[in-house]
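Undergrad: Generate coordinates for the sequence data below:
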Amino acid sequence: MSFGISVGDLTVISKLVVDITGSFKSAPSEYQSLLHELQTFSKIIDHLKNISLACSTPDDTQELLRNALASCHAKLEAFLASIKMYDSSIGADPKANAFKKSLHKFRWGLEEQGEARKMQEFLCRYTVVINNLLQKLSVDAISTGLSTLATGQKRIEGVVDDTHSSVSVVQSTVTRQEGMLSAMSLSIPNMIYAIARDFRVNWERLVQMVGTVNETTEHIYAILVQIRDSSASIDTRHTWFQDPVVIEYPFGIKFPVPSEYGCTLMGAVVFHKFMENEYGKGVNEDRIIEMFYSDDPDIPIKKTCPLLPGRTIIAAPVPYHRPFEYWTKYCPTCHMELDDVSLRIPESAFSNVPDYRTECNNCGLYFDRMRSGNKATGTEVHSVGFELMSPQIYVHLRYLRKIRTPISLSRTDDEQSVQDPREVVDLLKSCRVNRTEESLLMKTIFTRPLAIGCHRSPECVTVPLLAFV
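TA: Numbers count the residues shown, from 1 in each chain. Below is the predicted model:
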């Protein structure tokens, strides 16, 4: 059996050697370009997968696209894993030895080039499918966008129509307002003219009134100047520069008296003031009026004493002499006749007080009509209506039957001593009186003269200094 080698065989063998040699030389560049192409394609597929997953309204086309992308990605990842072993020999950064590099180049040229071409064909087919699906999706999106745009256009047309109608209304309103403004522009001058005319009339009246007032003021000023020039100078003798003296007489009335008057003129003023009251009847012609300072009652005021400005003086007029029979029939204060049915107070109600006291029906004064002797001096008083030498000062209420025991203020036995009326006030303030009895009338009855210098004779009676309501 003969093994003959023909020229054709040699040609085939030589071509195979040339191919192997070419593939051996071009293996690194082919591998690197293929690897770069596949990696780029893998990134594109990942990006498309993310876009397809982000769609909110999936349909059949999107589902087909996702399946194609998933199949292509799985095939590509498997091929990349199968050729990963060539990175160390024919990759961009080879690290293997020369034998391993030569072996991998030879193996790449014999085995992997065909697989690489099949992979490229597979990827081309899937690329066409994916492009078609993407074009379909794009067309659908464009058609959806166009429909949305058409809807928006219709809405815009409606808005434009509404705006046009509103503009028409505004134009008509502006036209009417123009007419109103033109009418107002015609009426404003007439209104201003009427206001100016009324104001001018009022202004003329005001000017006339101001002129009249000015003339009147000038006349008044001229009269005042004449009065000033014709008036006499002020007489300083009748001008008081000091505080007046305040006079208080028994009935609580106060009135001022110039301190420049002196005691003589002040006594006349007090006498005439006292005579104006109904209780002034009975003051004798000698004008017996006892006066003392309210803050210092121990010092009597004489005619030779100067009056100190701003002081308060209490004046106690003395009634004239009356017989005993007069005091048994008439009230010593208001001089009204007494009847026989006067109030009688039992002796048990008052200790050391006579059991026969009388109330005046006119002025409400309680007084004693009993004649008794003074235990301190042992003398009898027969011609007085009061017990002038009594050592007690009695404070009575308006209704004696409402109290059980008298309220008394003890006095010394010295006839020349003087009781300060302010002590009586303090005594009244210390009384326990029912506040609901607002009708109670409190009075103080002094059964002894309280003013310094008063006549101590049995025929003389001093008007009570204080009367409280």
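Undergrad: Report the separation between residue 300 and residue 315.
TA: Computed as C-beta to C-beta, to the nearest Å, the residue 300 to residue 315 distance reads 12 Å. (C-beta placed from N, C-alpha, C; glycine too.)
Undergrad: okay, the two: which has more neighbours?
TA: residue 315 (22 against 14; other C-beta atoms under 10 Å).
Undergrad: did I read that right, the more buried one in a strand?
TA: Yes: when DSSP: H, G, I helix; E, B strand; the rest coil is applied, residue 315 is found to be in a strand.
Undergrad: and the gap between it and residue 263?
TA: 11 Å.
Undergrad: Mutual contacts of these two, please.
TA: Listed contacts common to residue 315 and residue 263 are residue 291; contacts here mean C-beta atoms under 8 Å, 6 or more residues apart in numbering.
Undergrad: Mind giving me the packing neighbours of the one helix or strand residue 122 maps to?
TA: Element membership of residue 122 [criterion: DSSP states H and E] is helix 113-230. Other helices and strands packing on helix 113-230, by 3 or more C-beta pairs under 8 Å, 6 or more residues apart in numbering; DSSP states H and E, are helix 7-54, helix 60-82.
Undergrad: Mind telling me which of the ones you listed the model trusts least?
TA: Mean pLDDT values for the helices and strands packed on helix 113-230 show the minimum at helix 7-54, a mean of 59.
Undergrad: Could I get the phi/psi values of residue 294?
TA: Main-chain torsions, residue 294, degrees, to the nearest 10: phi -70, psi -30.
Undergrad: quick one: contacts for the closest residue to it other than its chain neighbours?
TA: Nearest non-adjacent residue to residue 294, counting by C-beta to C-beta, 6 or more residues apart in numbering: residue 312, 4.4 Å away. With contact set as C-beta under 8 Å, 6+ apart, residue 312 has these partners: 245-248, 254, 293-295.
Undergrad: Could you report the separation of residue 312 from residue 253?
TA: Taken as C-beta to C-beta, the span from residue 312 to residue 253 is 13 Å.
Undergrad: And the pLDDT for residue 292?
TA: On the pLDDT scale, residue 292 gets 76.
Undergrad: can you check residue 288 too?
TA: For residue 288, pLDDT reads 58.
Undergrad: Would you list the strands that the next helix or strand after the helix holding residue 122 pairs with, along with their directions?
TA: Proceeding N to C from helix 113-230, the next assigned helix or strand is strand 245-249, under DSSP H and E. Here strand 245-249 is paired, per DSSP bridges, with strand 253-257 (antiparallel), strand 312-317 (parallel).
Undergrad: Next, count neighbours for residue 209.
TA: Neighbours around residue 209, by other C-beta under 10 Å: 10.
Undergrad: what stretches of the stretch 301-450 of the chain score poorly on pLDDT?
TA: Filtered on pLDDT under 70, the stretch 301-450 of the chain yields the residue ranges 316-335, 338-450.
Undergrad: do the same with the stretch 51-200 of the chain
TA: Per-residue confidence for the stretch 51-200 of the chain (pLDDT under 70) gives these ranges: 51-59, 82-114.
Undergrad: Mind checking what secondary structure residue 295 has?
TA: Going by three-state DSSP: residue 295 is coil.
Undergrad: So what sits opposite the nearest residue to it once chain neighbours are set aside in the bridge?
TA: Excluding the flanking residues, the one nearest residue 295 by C-beta to C-beta, 6+ apart is residue 312, at 7.0 Å. Taking DSSP bridges as the rule, residue 312 bridges to residue 246.
Undergrad: how close does residue 312 get to residue 299?
TA: Counting by C-beta to C-beta, the gap from residue 312 to residue 299 is 13 Å.
Undergrad: Identify the contacts common to those two.
TA: residue 293.
Undergrad: Near residue 260, how many other residues are there?
TA: For residue 260, using other C-beta under 10 Å, the count is 16.
Undergrad: And residue 198, by the same measure?
TA: Residue 198 is flanked by 10 other residues according to other C-beta under 10 Å.
Undergrad: go on, residue 130?
TA: Neighbours of residue 130 using other C-beta under 10 Å come to 19.
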